[in-house]
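Chemist: Need a 3D model of the following:
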Amino acid sequence: MLRKSPTADWEKKSVDFILVKPSPAKKLSYSTSLIASSISQVVPPVLPVPFKEGEMPPNAYTMRCDKAGFTFDSLHGIGFYNGHPLLELQPNGQLSLNIGPSFVHIFDSMGSSKHNKKIGLLDLKLKCRIFGSFGDQELAPISARMDIAVSDSTCWVEEKIPCRKTHRWTHVTSHAQCQHTCRNTASCSHYKYWRHGRTAYCYDTKLDETKTSTCTVWSKVPDCNPMSTCVKVDAPTWLERGIYCPVGYDIDRQSMTYLKDGKTPKERIYLRRYKAGVDQTVDGCTNGGWLLQEKDANDFMSLSKGIFEFSGPLVGCQVKGVSYTGLPCEQPGNITEEGADMQPIILDDPNTKDPADFWLHPCAALAAIAGPESSPQDAIEASFGTKGWDLGLCKQGELSQLTSVSGAFPGSEVFAQMPPESADDFVPSPMMIVEGQFVCPPGCMLGDGPIFESDIESMEIGDCEIKCKNNDDCHFFWHGSQHSANTCRLYSRCDNLLREPGVEGVLKAVPRSPICLVNNPEMCWTKTMRRYALTSEKPPSEFQFLYWNLHAQCDYMLLLGGWGVSGCARPSHRTLKSHRWAHKKLLPEEFAHGTRLKAATPCNQQVDWCSSLWIVTSLSPPLSLSLSLSLSLCVFAVCKDLPALPCWV
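Modeler: Sure, this is the predicted structure:
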């Protein structure tokens, strides 16, 4: 009843209202109970499973975890671990990991305790619970379990290697700080840390295969992702040991499947988890342990679905250890310009005293890597993965490897000068000096004079060569036409070249001892040695060639017009110990993790890198090398606009 004033009449009013009893959601759940990520990796967020129709969803979310270092800011919905951002929880319950670069400090502090030492991967696992509240204390909150796994993007593997300490970081006072310094140093592939009393020692350490002693170091494996990172397996036999790389994730066995490739079927082996009840019984195998199994043509796999069916023979479960490892770095590719005659970048192994281990000057000589029946050009191209690589030759027993060389002198022509199946020491065939009207001085001629062809004796060039070889005093011979008759002249020496009009033939030298074949005679002469021939009486001691004066005199005649000269040979032979070439070696197909190379232009402008560096080189006058460093894979980009032969002597 209602009236407007004390004297007014009462009026009847009615009001309708609805009394609602809330029905809060009874269960909070997510599509997954585990969310995993690594540093700087983006993973999709997860949302709560939609609630039933008519259920009231929570109006606020919060969470707790079992680690003491975890704190949650309910005002901003951000979770921290030891002060570093870890996750975000939105008002609608959406959970996402937000792991910033600063989180590496967490893993570096774990490194000092050798966390997860066997596999080499540092990770943080949290058992958490997400709570949804309704804003009414009488309504009980609902919750769901959520496990969070965060892994480092870099693996750290403790191993023993032949090492060389290159630099000490004096500011380091703890193991965690030492690891963090190595992580942030692009050229650091290994580090060594120890304490002596109150003093901490932290060294940047490099692999040095010239050392016989080993040291225990921590090896850095960048971009360490189980889906793409290979593992190193320690097993009883060499056949089982080695590096296994990931094939795909096996849903049934909940683990990655790895494969070690090889040249024979016995060497192609899978590394996978053993699952009791699915795999046949194998002695020594436990459920979840590592199993080795040979690859078979009947194996079936669906990588997109994670299904694997193996048919090959079982090797066994005798696996001593599995740890992440860095992939070996492939040899530098594209280190020659398109169409260049000479390798413009000098590669050197800094562990050796001798310079330019993987580079050869066109005037240098070298030992062979392939016999006459094989294709040296194919061997070089297969080794370097590039076209246009030629090689020089110098046979000597103490050297059995070949460096990379480039030039216009074809490797097949070099090997063509070798006797088939020759020993390491051999005397080369007679070599041409000059073709035309030039001969040696008459006072150097052996016998009573020229030997003419007669009715009873032929005098072809082969006959003349035999006569010279049968005479121990003969070191040169000339064969040609004189007075329209085949003629042979034998010489004990040849100090100078003399032009003799009326004759036409070829003058050849006959070596009597083993010598070396020059890498690229034509380029050697045109780019380097002609300058010495025109400006000095003889070249420096490091450029000593056989018959130097005769080659120089022949070239003079060409420069003066070429009268009487049909052709000149270039200096193509040197003595076995004429220069420092014995340390030269073939550029390997791959380098071990942590191997260092030194690069330089012929102007001696140098830059260091290790085999784990991603190298991007850009060169412009004045020559400079700019490096973009990322510890992942060894890639050597083409050096654009680099002159093919800069700053040569």
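Chemist: how would you label residue 523: helix, strand or coil?
Modeler: helix (DSSP: H, G, I helix; E, B strand; the rest coil).
Chemist: Let me know whether it touches residue 360 as I believe.
Modeler: No. When contacts are counted by Cβ atoms under 8 Å, residue 523 is not listed as touching residue 360 (11.3 Å). Just so you know, the C-beta spots here come from the backbone N, C-alpha and C atoms, and that holds for glycine as well.
Chemist: Validate this expectation: residue 556 resides in a strand.
Modeler: No. Assigned with three-state DSSP, residue 556 falls outside any strand and is helix.
Chemist: Low-confidence ranges, the stretch 51-200 of the chain, go.
Modeler: 111-121 (pLDDT under 70).
Chemist: if we go to 80?
Modeler: For the stretch 51-200 of the chain, the stretches flagged by pLDDT under 80 are 100, 110-122.
Chemist: Same check on the stretch 451-600 of the chain?
Modeler: In the stretch 451-600 of the chain, residues with pLDDT under 80: 516-517, 519-520, 527, 536-544, 575-597, 599-600.
Chemist: so where do the strands sit in it?
Modeler: Shown for the stretch 451-600 of the chain, the strands assigned by DSSP state E, counting those that start in this stretch span residues 451-452, 476-482, 485-491, 498-499, 503-509, 515-517, 565-568, 573-575, 590-591, 596-600.
Chemist: Can you tell me the element residue 176 falls in?
Modeler: Using DSSP states H and E, residue 176 sits within helix 175-184.
Chemist: Low-confidence stretches in the stretch 301-450 of the chain?
Modeler: Ranges of the stretch 301-450 of the chain meeting pLDDT under 80: 304-305, 324-346, 350-355, 358-426.
Chemist: Domain ranges for this structure, per the record?
Modeler: 34-151, 155-221, 231-324, 431-510 (automatic domain parsing).
Chemist: Over to the longest one now: how far is its first residue from its last?
Modeler: Across its full length, domain 34-151 reaches 13 Å end to end, with Cα to Cα, to the nearest Å as the criterion.
Chemist: distance between that domain and the chain's centre?
Modeler: 39 Å (Cα atoms, centre = their mean, to the nearest Å).
Chemist: So residue 503 is in contact with residue 435, correct?
Modeler: No. At 11.6 Å, residue 503 does not count as touching residue 435 under the criterion of Cβ under 8 Å.
Chemist: okay, the domains of the chain in JSON lines with distance to residue 26 and mean neighbour count next?
Modeler: Compiled in JSON lines, the domains of the chain are given as follows (distance: least, Cβ to Cβ, whole Å; neighbours: other Cβ atoms under 10 Å):
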{"stretch": "domain 34-151", "distance to residue 26": "7", "mean neighbour count": "16"}
{"stretch": "domain 155-221", "distance to residue 26": "44", "mean neighbour count": "18"}
{"stretch": "domain 231-324", "distance to residue 26": "31", "mean neighbour count": "15"}
{"stretch": "domain 431-510", "distance to residue 26": "98", "mean neighbour count": "17"}
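Chemist: thinking again about what came up before, out of the strands of the stretch 451-600 of the chain, nearest to residue 12?
Modeler: Across the strands of the stretch 451-600 of the chain, the minimum distance to residue 12, taken as Cβ to Cβ, is reached by strand 590-591, at 98.3 Å.
Chemist: Give me the phi and psi for residue 125.
Modeler: phi -120, psi 130 (degrees, to the nearest 10).
Chemist: now it: how far from residue 131?
Modeler: Distance of residue 125 to residue 131, given as Cβ to Cβ, to the nearest Å: 20 Å.
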